[in-house]
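Chemist: Whatever this is, show me its structure:
(chains A and B)
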Protein chains: 2
Amino acid sequence: MNVSIVTIGDEILIGQIVDTNSAWMAQQLNKAGAKVVKIITTSDGHSDIIEAIQQAQDVADVVLITGGLGPTKDDITKKAIADHLGVGMEFSQTTFDHISGLLTKWGIKITEGHKIQSRMPANAVLLPNKMGTAPGMWFDLPDKVIVSMPGVPYEMQYLMANEVIPKLVKRFQVYPIIHRTILTAGIGESVLADKISHIEEQLPDYVKLAFLPGKAMVRVRLSARAENGEDVEKVVEEEAQKITDELAGFVFGFEKETLPEVVLKRCGERNLTLSTAESCTGGFVSHLITTIPGSSTVFKGGVVSYSNELKMNLLGVPKLTLEQHGAVSEETVIAMAKGALKTMNTDIAVSISGIAGPDGGTPEKPVGTVWICVCNEKEVFTRKLELSKDRVKNIEYSANIALTALWRFVMKQY
Amino acid sequence: MNVSIVTIGDEILIGQIVDTNSAWMAQQLNKAGAKVVKIITTSDGHSDIIEAIQQAQDVADVVLITGGLGPTKDDITKKAIADHLGVGMEFSQTTFDHISGLLTKWGIKITEGHKIQSRMPANAVLLPNKMGTAPGMWFDLPDKVIVSMPGVPYEMQYLMANEVIPKLVKRFQVYPIIHRTILTAGIGESVLADKISHIEEQLPDYVKLAFLPGKAMVRVRLSARAENGEDVEKVVEEEAQKITDELAGFVFGFEKETLPEVVLKRCGERNLTLSTAESCTGGFVSHLITTIPGSSTVFKGGVVSYSNELKMNLLGVPKLTLEQHGAVSEETVIAMAKGALKTMNTDIAVSISGIAGPDGGTPEKPVGTVWICVCNEKEVFTRKLELSKDRVKNIEYSANIALTALWRFVMKQY
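Modeler: So this is what the prediction gives:
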């Protein structure tokens, strides 16, 4: 099944918004077993729209149109589609009732304009849109399908997921793609690839493996589409299990989980409390943690000790340690984490001190030198990082590596 | 000058990457006085490329092609363009020398493939690309211009800024658009619009005013393009001055400045030091501050007192205050800020306590209730916010409003 996408809207042509709809649609269509062959962005002029639809359908079985359906633009797009298909416009009572219902709920007066908005090309099969006033429109031609949807992302996404893709899969009888994503941290991409190369080599032809590196993590994605009715779901699940077993100790989650989420979950299950002592990350670790709803049951708080004075006064780092080893040293991060444990009275503490840059480096400790520490009453783990010259990147990587160390510490010690 | 953009590349058609190039190009073209009328994304097949270029040039004076110029794809796109224009391919010594020079520098061996990569359509005017191996290609037709560029964003951006736009402006004699952006905080969009409506009404026809709301801030943008050789730069500057004067006290910066940057600059100029005491924002304020290079000269540190225990132990908030008024109250944020001032020994402190959600609200203090405080030794400023039910939004808005309060406090008190 080949698909073309037509995006109607001046906002994209003037560069005011980036066309993220097309990428989202392409991803979903790919998963459903369809292939996008062309994307056309056009203005909302009557003849421009017709030309774009024609060029789109010349090369595809399916044309998906988004945008051009707002209350003010409404008529142009629908009229253009009707003219393109050679049909008239008809009043749709269902659509009018739907619009009236929503407007009454919102306390908005129904006007003559809403009656006009309820006129649809005569051969349109209407797709109910629970997210807004404009329904999707499905046109079933002898060998093609044309679909028109609003351009508002969540309305389009609702219609694609609940109406368009299920109907297309049925109409063109395609097999969907099955995905399974394994989330790893604490292991580099090449080492990871080596470790599972023997599994990769034995994968059936129709199962693809991809490594998707993120910030201090690597996602391993298996995808497969049945070609001859194979039970791909079972096969992918089995292969994912093999990979997970091989990577034991590095797999922190699956699919859309995040590292802070997993850290909080693992601590919560063990009734552990947590505190942070941050220098160069400036509160980014505690921000990542507290973005998760319910984090307050585990996370008691943190200190951002940006100055040496606060490292001493709030965390009890000895003056001598700072003088002898400097703020960016193993001795200091240990003292920071130990101090956090005590001052904030938690089971575990994580600390970070480094030179985020762009300035402040020395030949001995260049920009990107970062020490992290995780500890509890009994055990201390430390690690030295040598990162880049980019301040924001250094902050993000340090924070994610600290969270990884924290997760591994919890899994090992408790 | 009407422009069509043709984007060549399967990565966009499978939704792996979002086409941000087109939006960037459209913005730059708009500023230069050109109008984008169509964007086509196509695969890198020979006939698909020719079809897309033809459809693009049917509706525009200029066709800008990006992508399809990588070392492996190289030949298809160039051959398609040559065939479309009915010319042959020729070896370009200049290009070969350029590629050889770069490869030698990178320590890569020159192969036969690089000779092939140096073959260009015969009528191409080559645009030197300092950012990569593939030059841009400019084709001057009797009434149209076709340009081909690599798809790598920084290579395309380099060629657009240094070669393509200057040449197009000259060839089609268009006037550029002048922009001036005024950054405001602490005032809502509608009040702001009212305040400057008398200026807006008197703007010359060719000067446009736009309100661009962000997170707890509004950008006011003036844009103008000369139609008959007017000195628009001067006019826009004058109108921007009027607006800035009218909005005195709410304008924190211009163009691409950010609020944390401005806060640090204003504190730095006055030799002021700063600390934070955060509850519901969980370290996001200190993160925003410490993302700015050099922030350590002003920012000494912060406490993320997520639990009541830490509000008492680290910031000295009296137990009685918490018991009588709760953690989310004016009394508590004042005690937090005063405590931060003392514990961290800074000139100014900012504190935030609230219910970020999605749970934890009560009828009296629903989710989204947030108190902020800014203080120094003498003065205390507080404000209560009533935000949304969305945790991440609440954190972002609270942090930005706290920074706004901090900025206004500094401007007023020092």
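
Chemist: helices or strands next to the helix or strand of chain A with the lowest mean pLDDT in the packing?
Modeler: Of all the helices and strands that make up chain A, helix A:112-117 has the lowest average by mean pLDDT, DSSP states H and E, namely a mean of 80. Packing partners of helix A:112-117 (3 or more Cβ pairs under 8 Å, 6 or more residues apart in numbering or on different chains; DSSP states H and E): helix A:74-85, helix A:93-106. C-beta coordinates here come from the backbone N, C-alpha and C atoms, glycine included.

Chemist: Output the ones you listed in JSON lines; the columns should cover mean neighbour count, distance to chain B and mean pLDDT.
Modeler: Listed next are these as JSON lines, based on neighbours: other Cβ atoms under 10 Å in any protein chain shown; distance: least, Cβ to the nearest Cβ, whole Å; pLDDT from 0 to 100:
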{"stretch": "helix A:74-85", "mean neighbour count": "20", "distance to chain B": "15", "mean pLDDT": "88"}
{"stretch": "helix A:93-106", "mean neighbour count": "14", "distance to chain B": "18", "mean pLDDT": "86"}
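
Chemist: Tabulate the ones you listed (CSV), appending distance to A:Lys319.
Modeler: Rendered in CSV, the data for the helices and strands packed on helix A:112-117 read as follows (distance: least, Cβ to Cβ, whole Å):
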stretch, distance to A:Lys319
helix A:74-85, 71
helix A:93-106, 64
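
Chemist: Could you tell me how far the least confident helix or strand of chain A lies from the centre of the chain?
Modeler: In terms of Cα atoms, centre = their mean, to the nearest Å, the centre of helix A:112-117 is set 38 Å apart from its chain centre.

Chemist: helices or strands up against the very next helix or strand once past that helix?
Modeler: Using DSSP states H and E, the next helix or strand after helix A:112-117 towards the C-terminus is strand A:119-121. If contacts are counted by 3+ Cβ pairs under 8 Å, 6+ apart, strand A:119-121 sits against helix A:74-85, strand A:89-91, strand A:136-140.

Chemist: buried set for the helix or strand just after strand A:119-121?
Modeler: As assigned by DSSP H and E, the chain's next helix or strand after strand A:119-121 is strand A:125-127. Buried residues in strand A:125-127, counted by 16 or more other Cβ atoms under 10 Å in any protein chain shown: A:Leu126, A:Leu127.

Chemist: for stretch A:253-260, same thing?
Modeler: Taking 16+ other Cβ under 10 Å as the criterion, stretch A:253-260 shows A:Gly253, A:Thr258, A:Leu259, A:Pro260 as buried.

Chemist: Let me see the residues that make contact with that stretch.
Modeler: A:180-183, A:185, A:217, A:252, A:261-262, A:288-289, A:291-292, A:295, A:400, A:403-404, A:407 (Cβ atoms under 8 Å, 6 or more residues apart in numbering or on different chains).

Chemist: now with 6 Å?
Modeler: A:Thr181, A:Leu183, A:Val262, A:Leu288, A:Ile289, A:Ile292, A:Leu403 (Cβ atoms under 6 Å, 6 or more residues apart in numbering or on different chains).

Chemist: Determine how far that stretch lies from the middle of the whole chain.
Modeler: Shown here is stretch A:253-260, whose average C-alpha point lies 11 Å from the average C-alpha point of the whole chain (Cα atoms, centre = their mean).

Chemist: CA atoms of that stretch as PDB?
Modeler: Output in PDB follows, covering the C-alpha atoms of stretch A:253-260 (Å, rounded to 0.1, in the frame of the first residue of the first chain):
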ATOM      1  CA  GLY A 253      13.300  -0.900  31.000                       C
ATOM      2  CA  PHE A 254      11.200  -1.500  27.900                       C
ATOM      3  CA  GLU A 255       9.300   0.600  25.300                       C
ATOM      4  CA  LYS A 256       8.600   4.100  26.500                       C
ATOM      5  CA  GLU A 257       9.800   3.900  30.100                       C
ATOM      6  CA  THR A 258      12.300   6.500  31.300                       C
ATOM      7  CA  LEU A 259      15.300   6.200  33.600                       C
ATOM      8  CA  PRO A 260      14.000   8.600  36.300                       C
END
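
Chemist: quick one, phi/psi of the closest residue to A:Arg219 other than its chain neighbours?
Modeler: Here the nearest residue to A:Arg219 in space, its sequence neighbours aside, is A:Leu212; by Cβ to Cβ, 6 or more residues apart in numbering or on different chains that works out to 4.2 Å. When read as degrees, to the nearest 10, the backbone of A:Leu212 gives phi -120, psi 100.

Chemist: my guess is A:Leu212 meets A:Val220, correct?
Modeler: No: with contacts defined as Cβ atoms under 6 Å, A:Leu212 does not count as touching A:Val220, sitting 7.7 Å away.

Chemist: Give me the pLDDT value at whatever residue of the stretch 51-200 of chain A ends up closest to chain B.
Modeler: Residue of the stretch 51-200 of chain A nearest chain B, by Cβ to the nearest Cβ: A:Gln55 (5.6 Å). At A:Gln55, the model reports a pLDDT of 97.

Chemist: Kindly report the same for the one 4 residues further on.
Modeler: Each residue has a pLDDT score; the one for A:Val59 is 96.

Chemist: what's around it, how many residues?
Modeler: Under the neighbour criterion other Cβ atoms under 10 Å in any protein chain shown, A:Val59 is assigned a count of 17.

Chemist: Now do the same for it: helix, strand or coil?
Modeler: For A:Val59, the reduced secondary structure class is coil; criterion used: DSSP: H, G, I helix; E, B strand; the rest coil.

Chemist: Kindly report the same for the one 4 residues further on.
Modeler: Following three-state DSSP, we place A:Val63 in the strand state.

Chemist: which ones are touching it?
Modeler: A:Ser4, A:Ile53, A:Ala56, A:Gln57, A:Ile146.

Chemist: Once you drop chain neighbours, what's closest to A:Ser342?
Modeler: Careful, residue A:342 is Lys; it's not Ser. A:Lys342's closest residue in space is A:Gly316 (Cβ to Cβ, 6+ apart), at 7.0 Å.

Chemist: and what of A:Thr133?
Modeler: In space, not counting the residues next to it along the chain, A:Thr133 is nearest to A:Ile99; the distance is 4.9 Å by Cβ to Cβ, 6+ apart.

Chemist: gap between the one you found and A:Gln93?
Modeler: The spacing between A:Ile99 and A:Gln93, counted by Cβ to Cβ, to the nearest Å, is 11 Å.

Chemist: With A:Thr346 instead?
Modeler: For A:Thr346, the distance to A:Gln93 - Cβ to Cβ - is 63 Å.

Chemist: ditto for A:Met131
Modeler: 21 Å.

Chemist: With A:Gly136 instead?
Modeler: Between A:Gly136 and A:Gln93 the computed distance is 17 Å (Cβ to Cβ).

Chemist: and if you look at A:Glu51?
Modeler: The separation that A:Glu51 has from A:Gln93, given Cβ to Cβ, amounts to 32 Å.
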